[in-house]
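Chemist: sequence plus the predicted model coming up.
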Amino acid sequence: MKKHNIIKTVIVLCAVVLMPVTACAVQENYYNEQLEAVGADEIFDSLPEQAKEYMELAGIDTVDFGALLDFSPEAIFDCLVSMVKNGLRQPLNAFLTTVGSIVLLSLVQCFFTGDARSRSILNIISGCFLIIGIFAQLYTAVKAGVSCISLTAGFELALIPAFAATVTASGNPALALSYSGFALAAAQGVEQLAKAVILPASGACLSLGITAAVSPDFKFGGLCETLAKTVKNVLSFAAAMFSSVLALKGVLARSADSLTAKGIKLVVSSAVPVVGGALSDAYSTVAGSLSVLNSALGVFGISAVFMINAPAILQLIMWIVALRLGEAVARVMGQEQQAALLKCIGDTVSMINVLIIYCMTVFIISCAIVLALRTEN
Amino acid sequence: MDILKTVAVAVASGLLYVIVKQIKPEFAPLLLIGGGAVVLSACVQGAADITSGAQSLMADAGVSVYYVKILLKATVICVVAQIAADLCRDMGAVTLAGAAELAGKISAVAAALPMIKEVALLALGLID
């Protein structure tokens, strides 16, 4: 009997030793998996080349929460300095060209101080001379600025669905629904508005300025200024309306999402015996982890849109400064017609710059509103 | 260009014109033309220096030399037309003076036509 018991004990011990069930916590990269699941891992590749370079310079080349938390203001400052350096050459050249042209025109008109008839012909030729001198360089800068609108819209089309997916997964489906529809419509609407209305208006404004330079009898300077002011006021109003409507919709959606989340936690904790409370807390944890991804993606998107548009905005600002300085020089030298032409061109470039800033700001504000309004589970 | 000599020639021509006009009025305009030609020929070297200097300065400022040449050519045309018109007025031929001015304007616009065409194409391109 005793021998039988010893044999049974040995057999049990052998079974325990030889047939273990290995159990351990498998470490998975949950963050990257979720990133790939929403399609946000390729967001960086959808950026234009120049924006990618600036993002890498700023240290923001992945949708990584840790990297985004660690990036320093110095990197952003270096980025901005690099943008200014790259964009300064053309406006500076244009300013030198403008000053040189105005000095030459003043010199030429000195020969005709008493002869109004010859001066009228020379005024026309002088206007043409100044336009040709600065326009070739300005056109490339304006074209680059305008292309940013299309690039931003294209990037938003890639980012908004992924961003909305993370918002939904983090427990805010109603907010995601209201945001994605509104933001997509806004992105497309702004691009169409820019292409169909604002840019043709800018072209017409520049043409009027050129005509006024060639034919001084036509005083189109006031018209250009009025058009630029009107566009700025309309865009400011549209931005305010967009932000307000999105914020109001977001507040309502947040209330609904908050109620939904609380309902789910109540049902889980009540209906599931023993581990209901733990499951409810687990739901909050998972939603919170996706919220981290959502924040990272939102910040990445905001940074990317900024990097797409900031070089063009900064360069156009430098162009506006160069044109205003040229206008001041023209007035000092008594070249009122050339000053009016430079003012008209400056107003038009300013209008285009406001449009680019509006396109960028609409997206940034909408993203920021969603990040701020998410339900904390 | 020696400005004192040039001015002296101009003043002397003017004085001779006044004297000759009283003695032989039909030869007086020749003195005007002759004196004007001498003064203008003295200016040619200075004008050439200004032109080359302006072209090099504008090239450094980034302005195309082709358009600078057009501008200076138009200026010279206007100056020549203005002198011709003033000569005709001095001789009492006001109609001829107007015609000379018109010819000068047309020539200046014709010389600047490439520039005007380019500006017109720019304006049309912006509208499109």
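Modeler: Thanks, I have it. Residues are numbered from 1 along each chain as shown, chains lettered A, B, ... in the order given.
Chemist: please make it C-alpha for all contacts and neighbour counts, starting now.
Modeler: Noted.
Chemist: what about the stretch 201-350 of chain A, any weak spots by pLDDT?
Modeler: Counting by pLDDT under 70, the ranges of the stretch 201-350 of chain A that qualify are A:216, A:218, A:220-221.
Chemist: that one: helices as residue ranges?
Modeler: Along the stretch 201-350 of chain A, the segments classed as helices by DSSP state H, counting those that start in this stretch run A:221-271, A:276-332, A:336-373.
Chemist: ok, chain B next?
Modeler: Here chain B has its helices, by DSSP state H, at B:3-23, B:28-61, B:65-90, B:94-111, B:113-127.
Chemist: nearest to residue A:135, out of those helices?
Modeler: Comparison of the helices of chain B against residue A:135 by Cα to Cα identifies helix B:113-127 as nearest, at 8.7 Å.
Chemist: show residues contacting the closest one.
Modeler: By Cα atoms under 8 Å, 6 or more residues apart in numbering or on different chains, the residues outside helix B:113-127 that reach it are A:125, A:128-129, A:131-132, A:200, A:203-204, A:206-207, A:210-211, B:67.
Chemist: please repeat the previous calculation with a cut-off of 7 Å.
Modeler: A:128, A:132, A:200, A:203-204, A:207, A:210 (Cα atoms under 7 Å, 6 or more residues apart in numbering or on different chains).
Chemist: farthest-apart pair in those residues, please.
Modeler: Farthest-apart pair in those is A:128 and A:200; separation 22.0 Å (Cα to Cα).
Chemist: neighbour count winner among these two?
Modeler: Between residue A:128 and residue A:200, residue A:128 has the larger neighbour count (other Cα atoms under 10 Å in any protein chain shown), namely 25 against 15.
Chemist: residues touching the more buried one, list them.
Modeler: By Cα under 7 Å, 6+ apart, the contact set of residue A:128 is A:214, B:115-116, B:119.
Chemist: please apply the same query to residue A:372.
Modeler: Contacts of residue A:372 by Cα under 7 Å, 6+ apart: none found.
Chemist: how close does residue A:262 sit to residue A:176?
Modeler: 18 Å (Cα to Cα, to the nearest Å).
Chemist: who has more neighbours out of those two?
Modeler: residue A:176 (27 against 14).
Chemist: tell me the pLDDT of the closest residue to that one other than its chain neighbours.
Modeler: The spatial neighbour of residue A:176 that comes closest, neighbours along the chain excluded (Cα to Cα, 6 or more residues apart in numbering or on different chains), is residue A:164 at 4.9 Å. The score at residue A:164 is 80. That number is its pLDDT.
Chemist: name the helix or strand for residue A:164, please.
Modeler: helix A:116-169 (DSSP states H and E).
Chemist: could you list which residues are in contact with the spatially most central residue of chain A?
Modeler: For chain A, the residue nearest the mean C-alpha position is residue A:305 (2.6 Å; Cα atoms, centre = their mean). Counting by Cα under 7 Å, 6+ apart, residue A:305 touches A:152, A:360.
Chemist: over to the one 10 residues further on?
Modeler: With contact set as Cα under 7 Å, 6+ apart, residue A:315 has these partners: A:87-88.
Chemist: and it, how far from residue A:353?
Modeler: From residue A:315 to residue A:353 the distance is 9 Å (Cα to Cα).
Chemist: cool, and residue A:226?
Modeler: Separation of residue A:226 from residue A:353 (Cα to Cα) stands at 16 Å.
Chemist: between these two, which one's more packed in?
Modeler: A direct count of neighbours by other Cα under 10 Å for residue A:226 and residue A:353 places residue A:353 higher, at 23 against 12.
Chemist: what bits of chain B have low per-residue confidence?
Modeler: Where chain B drops to pLDDT under 70, the residues are B:1, B:127-128.
Chemist: find the centremost residue of it, please.
Modeler: residue B:79 (2.0 Å).
Chemist: ok, and the closest non-adjacent residue to it?
Modeler: Distances taken as Cα to Cα, 6+ apart place residue A:111 nearest to residue B:79, at 7.6 Å, with adjacent residues excluded.
Chemist: what's the burial count for that neighbour?
Modeler: As a burial measure, residue A:111 scores 15 neighbours (other Cα under 10 Å).
Chemist: same thing with the one 10 residues further on?
Modeler: Residue A:121: 20 surrounding residues under other Cα under 10 Å.
Chemist: so can I have CSV of the contacts of residue A:128 showing distance to residue A:363 and neighbour count?
Modeler: Shown next, in CSV, are the contacts of residue A:128 (distance: Cα to Cα, whole Å; neighbours: other Cα atoms under 10 Å in any protein chain shown):
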residue, distance to residue A:363, neighbour count
A:214, 41, 27
B:115, 43, 23
B:116, 43, 20
B:119, 38, 22
